[in-house]
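**Q** The following block contains a protein sequence and its predicted model.
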Amino acid sequence: MNDSLLTFQNVSKVFRRVGFGFLSKTAVQALKDVSFSLSSAPEVLALVGESGSGKSTICRLILGLEEPTSGEILYRGRSVSEWLKNNKREYIREVQIIFQDPYEVYNPFYRVDRVLWMAIKKFNIASGDEAKKLIYESLEAVGLRPREILGRYPHQLSGGERQRIMLSRIYLIKPKLLVADEPVSMLDASLRAIFLDHLRDFKNLGISSLYITHDLNTAYYIADRIMIIYSGRILERGPTEDVIKNPLHPYTKMLITSIPVPDPNKRWQDRVVIDVTKLQKVSEREAVSGCPFYNRCQFAMDRCEKNFPSSKRINNQEVNCFLYE
Amino acid sequence: MNTILEVENLKVYFRTILGDAKSVDGVSLKVFEGEILGIAGESGCGKSTLVEGILKIYKPPCYIPEGKVYYKGIDLLSLPEEEFRKLRWKELSYVPQGSMNSLNPVIKIEEQMIDGIMSHTDVSYHEAKELALSALNSVGMPPDVLEMYPHELSGGMRQRVCIAMSLCLNPKIVFADEPITGLDVVMQKLNLQTLGDLRDKYGITVVMVAHDMACHAEICDRICIMYAGKILEVGSTFDIFSEPLHPYTKGLLSAVPSLEKRSLRGIPGLAPSPLEWPSGCRFHPRCSYRMKRCEGEEPLLEEVQPGRYVACFLYGGE
């Protein structure tokens, strides 16, 4: 495993919260036993899951904003906490993030140039004229015209432009790992494609990306590999084409059949059947020891309730489901 | 097909210190009885504002400089507010954008639904509860939801409560603004199918505003494509998807990601600002088929085939 860039080894994260009313303690298991790795050869790995599945927790763990409750996160063979203690600057230069909301990341009082200049200054990338040249180059690399962008304030730019400036910042810093947390969910369809193309091009610069999303469509478009996460557990993973064309886990299958196809000749033939009684009380959703999808799975067996299946390799894919044991 | 709602050259502007923001700038459209009409377009194209204009639920600095909206022959915009209020909910109802987050977290669903009903009609509490129950039933929700607080329901379920609320007084038209945005895919499917049921089972006309073309493909009968405050193309869902005419519609469709094909093409350029729409055809700065005259003249929305309208000089548009 030495040649991997980022490795999650049986990482679990529990958020404890002291109850307000009855002073009861509740624990939310955000991640359970998550293991995966990104190889050092540049790739785009998509982490797909619905809201509350633990995608953002993974993102926060990588950035060192949270500590795992158990398990280890290794970046280039050393644990993230060690990196942050001894080589913090190096680590944050090599691991960068693009957030979902291009409106919140800018300080409205400063011109947008600042995010680029700060990056250059903080990481001693260049100085003087060379720095200016780099900024121009990085903006052009993501399809923006520097003349129209530099010197403007964030509110004068559209969401798509702002998000692309974030991309140009990545181009400038050239990290080894980019964590993109739902970067296109707030962009319009027409701009989404352009943004994703640039993100994919980063692979040629030697940047690996962890593309976190709820949208299987865009993951299919840019990712080399896909991981499906549900309720803190990774249920299926494999090369993109295999996972999409031949999903194994019942959850992945359900996701794929639920996505509307932009073709009126291929409308849904089936209907969603949801047992409302099981879904009603979100607040009562407890930590389950078995498969988190148990409640909604049409193939649920008795043992699914108590035990979580170990991962089983089928061709190129890995799936955690008793159906394949 | 009977026309149930007709919009004529509707303009909805916002007063700003920089001049008027012309969010909706001359929209004419017809809604037929018993259809599901989709209004598609990117953010900022005026699709939500159009619905707010039709229902007259805007607040200053928004105003309507001109335009007419006829509902079954009644001129809605010239109705006094008290009269219009009687039509809202009973005839025309509305599921606003993000409505699942608009429920009051400390009040039970029952009270919130009944409060709405009693403020629009003259019924007793008991009758109102009956109405609420039958509305919940029509979106497939169990009656015990009434006893719950909003936080006990997931986002998708709350959204369905909001759809149910819009149905309480048996409206003829339901306007749903981005009804499935922010939901998980399974919930999206469920809620889209619920909207489809409104028409299929109860004969309610549905106008759905959504930016996602794939949802339109799923349930709509007809689609209006909006861009920069104008309608660029109208047609049946099948026609629009099989043969998009307007260059913008073509671009929009090729920018929709799908699991069917692994290709995606965006539309270069940026959406214009409502403070200063481009001259001539509003799409011309981003259009790859642009001609000289597109810069100066504005093409009109013309019927090119029966029921198919497009505003582009490539197809006439004189």
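**A** Alright, I've got the coordinates.
**Q** okay, now residue B:205: neighbour count?
**A** Using other Cβ atoms under 10 Å in any protein chain shown as the criterion, residue B:205 is surrounded by 22 other residues. Every residue, glycine included, has its C-beta placed from N, CA and C.
**Q** and the gap between the closest residue to it other than its chain neighbours and residue B:135?
**A** Spatial nearest neighbour of residue B:205, excluding adjacent residues (Cβ to Cβ, 6 or more residues apart in numbering or on different chains): residue B:173 at 4.5 Å. Taking Cβ to Cβ, to the nearest Å as the measure, residue B:173 falls 16 Å from residue B:135.
**Q** same thing with residue A:137?
**A** Applying Cβ to Cβ, the value for residue A:137 to residue B:135 is 59 Å.
**Q** So between the two, which is more surrounded?
**A** Each of residue A:137 and residue B:135 has its neighbours counted (other Cβ under 10 Å); residue B:135 has more, 21 against 13.
**Q** Next, see if whatever helix or strand that one lives in gets close to chain A.
**A** Using DSSP states H and E, residue B:135 maps to helix B:125-138. No - interface with chain A: helix B:125-138 contributes nothing (Cβ under 8 Å from any Cβ of the partner chain), its closest point being 10.7 Å away.
**Q** if we look at that helix, which residues are touching it?
**A** Helix B:125-138 is contacted from outside by B:110, B:113-114, B:117-118, B:123, B:142-143, B:145-146, B:161, B:164-165, B:167-169, B:197-198, B:201-202, using Cβ atoms under 8 Å, 6 or more residues apart in numbering or on different chains.
**Q** Send me that helix as CSV with only the CA atoms.
**A** Taking Å, rounded to 0.1, in the frame of the first residue of the first chain, the C-alpha atoms of helix B:125-138 are listed here in CSV:
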residue,chain,number,x,y,z
TYR,B,125,-61.9,23.2,12.5
HIS,B,126,-63.4,19.7,12.1
GLU,B,127,-64.1,20.2,8.4
ALA,B,128,-60.7,21.6,7.9
LYS,B,129,-59.1,18.6,9.4
GLU,B,130,-61.1,16.4,7.1
LEU,B,131,-59.8,18.4,4.1
ALA,B,132,-56.3,18.1,5.4
LEU,B,133,-56.6,14.4,5.8
SER,B,134,-58.0,13.9,2.3
ALA,B,135,-55.2,16.0,0.9
LEU,B,136,-52.6,14.0,2.7
ASN,B,137,-54.2,10.8,1.5
SER,B,138,-54.1,12.0,-2.1
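**Q** The contacts of helix B:125-138: which ones sit near chain A?
**A** Among those, chain A is touched by B:142, B:145 when using Cβ under 8 Å from any Cβ.
**Q** Can you tell me which of the contacts of helix B:125-138 are buried?
**A** Buried positions within the contacts of helix B:125-138, assessed by neighbour count (16 or more other Cβ atoms under 10 Å in any protein chain shown), are B:110, B:113-114, B:117, B:145-146, B:161, B:164-165, B:167-169, B:197-198.
**Q** Of these, which is the nearest to chain A?
**A** Distances from chain A to the buried ones among the contacts of helix B:125-138, taken as Cβ to the nearest Cβ, are shortest for residue B:145 (7.5 Å).
**Q** what's the distance between the closest one and residue B:132?
**A** From residue B:145 to residue B:132 the distance is 10 Å (Cβ to Cβ).
**Q** do the same with residue A:44
**A** 48 Å.
**Q** now residue A:257
**A** Counting by Cβ to Cβ - residue A:257 and residue B:132 are separated by 33 Å.
**Q** Likewise for residue B:249?
**A** Distance from residue B:249 to residue B:132, by Cβ to Cβ: 41 Å.
**Q** Name the residue closest to the centre of chain B, please.
**A** Residue closest to the average C-alpha location in chain B (Cα atoms, centre = their mean): residue B:209, at 2.9 Å.
**Q** so it is in which element?
**A** Using DSSP H and E, residue B:209 falls within strand B:205-210.
**Q** what's the next secondary structure element after that strand?
**A** With elements assigned by DSSP H and E, the helix or strand that comes after strand B:205-210 is helix B:213-219.
**Q** From the contact counts, what lies against that following helix?
**A** strand B:36-40, helix B:185-202, strand B:205-210, helix B:237-242 (3 or more Cβ pairs under 8 Å, 6 or more residues apart in numbering or on different chains; DSSP states H and E).
**Q** Tell me how confident the model is about it, as a mean pLDDT.
**A** Summarised as a single mean, pLDDT over helix B:213-219 is 91.
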